[in-house]
Structures are given as C-alpha cells and as structure tokens.
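Asker: predicted coordinates and the sequence they were generated for:
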Amino acid sequence: MKAGVSATESAKTNGSYNIAIAIDNVSFSHNAAHSERARLFIEIEQWHLYRGEHVFLSGPSGSGKSTFLNLLSGTLTPDSGTISLLEQPFSALSNKQRDRFRANNIGVVFQQFNLIPYLSVKQNVKAALYFAGANIKDKALDERILKLLNDLQLSNQLLNAKADTLSVGQQQRVAIARALINTPDILIVDEPTSALDAKARDSFMDVLKKLAKNSALVFVSHDPYLKKYFSRHMSMHQFTPNHQKVAGVSDASRDASPC
Ligand SMILES: Nc1ncnc2c1ncn2[C@@H]1O[C@H](COP(=O)(O)OP(=O)(O)OP(=O)(O)O)[C@@H](O)[C@H]1O
C-alpha cells in the first residue's frame, strides 16, 4: 500500500471506481499581485472524466489550459472547491503524500518535455519509477522500459544516449515513456505535437491512444486536426465564464461511451 492513499489504492486494486477526475465547485485565479497580465478566473461547477475516457481540450494562448492542468495535477491549489483524483481529494493529502500520489497515479507530458538533459534515455524513464517508490535495481524494470520504448518505436540503440543528443521527436517519445512507465490511471498531455510534421503527428497519436487506452487522458492542443482522435472535446472558455470570450473552438461534445 502507498503512503496516505490506502483507501484509494485498495479501490484501485479492486477496480471499484470509475471516475478518474472529479471537480466540484472549483474556483481559481492567479494572484494579481504577481501579474500585470489580464487576470484569469477559472470557475467549474461540476466536471468529471471517467477511467479510459480521452478528452481534447483546446483554447487560444493565455486562455488557461496550462493553469487548468496544473490544478488537475495538484501543482496549483484551487481557491475553493474540491478536485478529486481516483476518489482521493487532493486537499486531504500532505505535500509528501501528494507527491507520492502524483508519482504513482498521474503521468504528465509537458510542452517542453522536461527531460533531464545529462541523463540517458533509460535513466530519464527510470527516474519516474524511482519517484513512485520502485526498486530501480530490479532487472525486470529494464525489460519493462525496453518494451515500452519499442512500443514507442524508439530504437534500443538510443537507450544509453543522453537526452540532449536526441531529436525533438525522440525526446517526445521518451517523455511519453516516462509518463506511461508507471501505467498511470490519469495521463495529462500538454501540446505534444507542435514540433512534429503531419506524418509524425499521426503516428504519435496512434501510439499514444493505444498505450493510454486504459488511462483517463486530458490532451491539450491548439491543433484542430487532432480533434478527430477524440470523441469528447472541450474549450477552455467553458471554465472561464466570467473571463473574456475565447474564440475559435466549439463547446463540449461528448459521446456516451469513452473513447
Ligand atoms: N503564475 C502566474 N501568475 C499570474 N498569472 C499567471 C501565472 N501563470 C499564468 N498566468 C496568467 O494566466 C493566464 C492563463 O495562462 P496559461 O499559461 O494557463 O494559458 P494557456 O492557455 O496554457 O496558454 P498557452 O497556450 O500559451 O500555453 C494568462 O493570462 C497568464 O498570463
């Protein structure tokens, strides 16, 4: 059992919960004192995402997408209301428990990938296992890393290459491997395809959708082309009703069944 989340973990083992993310009456705004920019107000009465459900979130630059993702991953705290992941309200966890919960249950792919440049591909992926409390000397983990990298079409020869020697597309795949190695129930992916050409973008989406099949996936992108991969679409302006109107993207649409 993982520290501080025993009820959640036992539910996870039994597969007894279906809602991966639940948001209730949340409001948030950045501290105006720290910003001369237009102030963003996020207000969400009720929102949830099921296990295995994949949602496409869009909105123009500055509309609050990254802020929303930071609320979901617990790196920002709402001013009011509750965000629960796997039925665990974040507010009930200490900082240490929150870090461990995040490492065990949430995979994040950042816009800039955030790989550790001087570590190898293998070491970057292993770091995620380490933070989740795994015994990284276990040889079986090396097999798991290799398999995942192969699934992501990364050559074995790159295993010991330093992250800062990789192409952008290769870095992106390592970032996905790092996010998926703990088989997270929740996957948060922020603008991952901006550096890819059309062919690489399609192949990336196919692999991501397949590997994230059982995870709740929140996928942020400016690229309307990618909407076709998702049956549920949202625009950030649904969450910012009292902020300036955000142009461009249609309101939520949702299939009855998960993607
Ligand atoms: N730490 C902060 N303090 C104050 N304001 C902030 C902070 N971070 C973001 N903001 C403001 O909140 C708003 C939303 O920013 P955010 O980065 O969430 O938008 P975004 O939709 O992710 O943009 P992009 O697509 O360019 O990444 C912007 O007006 C931004 O200036």
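Answerer: The structure has been received and is ready for your questions. From a predicted model like this one, the values you see are computed outputs, not experimental measurements.
Asker: gap between the residue nearest the centre of the chain and the ligand?
Answerer: Nearest to the geometric centre of the chain sits residue 188, at 1.1 Å (C-alpha atoms, centre = their mean). Residue 188 is 12 Å from the ligand, where distance means C-beta to the nearest ligand atom, to the nearest Å. (Glycine included, C-beta is placed from N, CA and C.)
Asker: any idea of the pLDDT on that residue?
Answerer: With respect to pLDDT, residue 188 scores 94.
Asker: separation between it and residue 48?
Answerer: 15 Å (C-beta to C-beta, to the nearest Å).
Asker: what does residue 70 give?
Answerer: Taking C-beta to C-beta, one finds residue 70 at 18 Å from residue 48.
Asker: how much space separates the residue nearest to the centre of the chain from residue 45?
Answerer: Distance from residue 188 to residue 45, by C-beta to C-beta: 21 Å.
Asker: hang on, the earlier thing: which one's more surrounded, residue 70 and residue 48?
Answerer: residue 70 (17 against 14; other C-beta atoms under 10 Å).
Asker: I'd say the more buried one and residue 83 touch.
Answerer: No: if you go by C-beta atoms under 8 Å, residue 70 and residue 83 don't touch, sitting 10.9 Å apart.
Asker: residues touching residue 124, list them.
Answerer: By C-beta atoms under 8 Å, 6 or more residues apart in numbering, residue 124 lies in contact with 115, 116, 163, 174, 178.
Asker: over to residue 102?
Answerer: 73, 74.
Asker: quick one: secondary structure of residue 150?
Answerer: helix (DSSP: H, G, I helix; E, B strand; the rest coil).
Asker: same question but for residue 82, I mixed them up
Answerer: Per three-state DSSP, residue 82 ends up strand.
Asker: contacting residues around it?
Answerer: Contacts of residue 82 (C-beta under 8 Å, 6+ apart): 22, 23, 24, 25, 26, 89, 90, 91.
Asker: need the buried ones from the contacts of residue 124 selected in PyMOL.
Answerer: Buried residues among the contacts of residue 124 (16 or more other C-beta atoms under 10 Å), as a PyMOL selection:
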select buried, resi 115+163+174+178
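Asker: show me the subset of the contacts of residue 124 that also lies near the ligand.
Answerer: Residues of the contacts of residue 124 in contact with the ligand (C-beta under 6 Å from any ligand atom): none.
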